[in-house]
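J.: the following block contains a protein sequence and its predicted model.
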Amino acid sequence: AQSVTQLDSQVPVFEEAPVELRCNYSSSVSVYLFWYVQYPNQGLQLLLKYLSGSTLVKGINGFEAEFNKSQTSFHLRKPSVHISDTAEYFCAVHSYTGGFKTIFGAGTRLFVKA
Amino acid sequence: GAGVSQTPSNKVTEKGKYVELRCDPISGHTALYWYRQSLGQGPEFLIYFQGTGAADDSGLPNDRFFAVRPEGSVSTLKIQRTERGDSAVYLCASSLQGHTGELFFGEGSRLTVL
């Protein structure tokens, strides 16, 4: 069975500071990895994805993430955050275990302060 | 708009009543997913359709929950004898093909059981 652990439930950070949101996963099969973002009062939208190839993937709004297979991690980073990045961020694992299924972590609330 | 549409956006019902939640996916998307999101939690997988058939319904919590997708497009999530613990936001997502894993979410149906 797959599982996703987001190590921080809340991350407060000042505007223009760097941020890292941590994600670890567990799976017995190959996985695809995703980060989704949920802005206040909006639906979830894809931020970035890792399917194969380069382990460093870039997404929208200046975010990037690095897949580390040996550490089973997929941490999300941004070198300089904006107030508008305040949102809930979800790490997700997609794999085939008798059927295709995406499992989400509990989420990390990023709060950017002026 | 060509996004995923969910209706109703809000539903308040009494304990013991029957509820239907509808999802209209993006045209041409063969895969459709239902998730449930409780306050402060990540989306919890309920069921996945590939075409008309339920490819994985392992996340349905009990036999009060049922979902259909008779023509391979619109899906309905049905909850019988609702309980207060069923209160949550029910999310629908569609994907072009199930194996790629990139999900497009609707804005959800908020269910409140009094």
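T.: Great, that's in hand.

J.: every contact and neighbour count from this point should use C-alpha atoms.
T.: OK.

J.: low-confidence ranges in chain B?
T.: The model of chain B has pLDDT under 70 over residues B:1, B:98.

J.: make it 90
T.: Applying pLDDT under 90 to chain B flags the ranges B:1-2, B:39-41, B:50-51, B:53-56, B:72, B:96-102.

J.: and B:C23, what does it touch?
T.: The neighbourhood of B:C23, defined by Cα atoms under 8 Å, 6 or more residues apart in numbering or on different chains, consists of B:4-7, B:74-76, B:92.

J.: any part of stretch A:12-30 near chain B?
T.: No - Stretch A:12-30 does not reach chain B (Cα under 8 Å from any Cα of the partner chain); its nearest approach is 11.9 Å.

J.: check which residues of that stretch are buried.
T.: Within stretch A:12-30, the residues scored as buried using 16 or more other Cα atoms under 10 Å in any protein chain shown are A:13, A:15, A:19-25.

J.: farthest pair in those residues?
T.: For these, the farthest-apart pair by Cα to Cα is A:E15 and A:Y25; their separation is 28.9 Å.

J.: can you list the contacts of B:C23 in JSON lines and add secondary structure and distance to chain A?
T.: Listed next are the contacts of B:C23 as JSON lines, based on DSSP: H, G, I helix; E, B strand; the rest coil; distance: Cα to the nearest Cα, whole Å:
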{"residue": "B:V4", "secondary structure": "coil", "distance to chain A": "10"}
{"residue": "B:S5", "secondary structure": "strand", "distance to chain A": "11"}
{"residue": "B:Q6", "secondary structure": "strand", "distance to chain A": "11"}
{"residue": "B:T7", "secondary structure": "strand", "distance to chain A": "14"}
{"residue": "B:V74", "secondary structure": "coil", "distance to chain A": "19"}
{"residue": "B:S75", "secondary structure": "strand", "distance to chain A": "17"}
{"residue": "B:T76", "secondary structure": "strand", "distance to chain A": "19"}
{"residue": "B:C92", "secondary structure": "strand", "distance to chain A": "10"}
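
J.: which two in the residues you listed are spaced the farthest apart?
T.: Farthest pair in the contacts of B:C23, by Cα to Cα: B:V4 and B:T76, 13.3 Å.

J.: chain neighbours aside, what residue packs nearest to the most centrally placed residue in chain B?
T.: A centroid search over chain B (Cα atoms, centre = their mean) returns B:W34, at 3.3 Å, as the residue closest to the centre. Setting aside the residues directly before and after it, B:W34 is nearest to B:C92 in space (Cα to Cα, 6 or more residues apart in numbering or on different chains), at 4.6 Å.

J.: likewise for A:L76?
T.: Once flanking residues are discounted, A:L76 sits nearest to A:A65: 4.4 Å by Cα to Cα, 6+ apart.

J.: ditto for A:S95
T.: Leaving out its chain neighbours, the residue that sits closest to A:S95 by Cα to Cα, 6+ apart is A:V31, at 4.8 Å.

J.: that neighbour: what's it in contact with?
T.: Counting by Cα under 8 Å, 6+ apart, the residues that A:V31 touches are A:51, A:93-96.

J.: the nearest residue to B:S87 once chain neighbours are set aside: how many residues sit nearby?
T.: Take B:S87 and drop its neighbours on the chain: the residue closest to it by Cα to Cα, 6+ apart is B:T112, 4.7 Å away. Counted with other Cα atoms under 10 Å in any protein chain shown, the neighbours of B:T112 add up to 19.

J.: ditto for A:S70
T.: Residues lying near A:S70 (other Cα under 10 Å) number 6.
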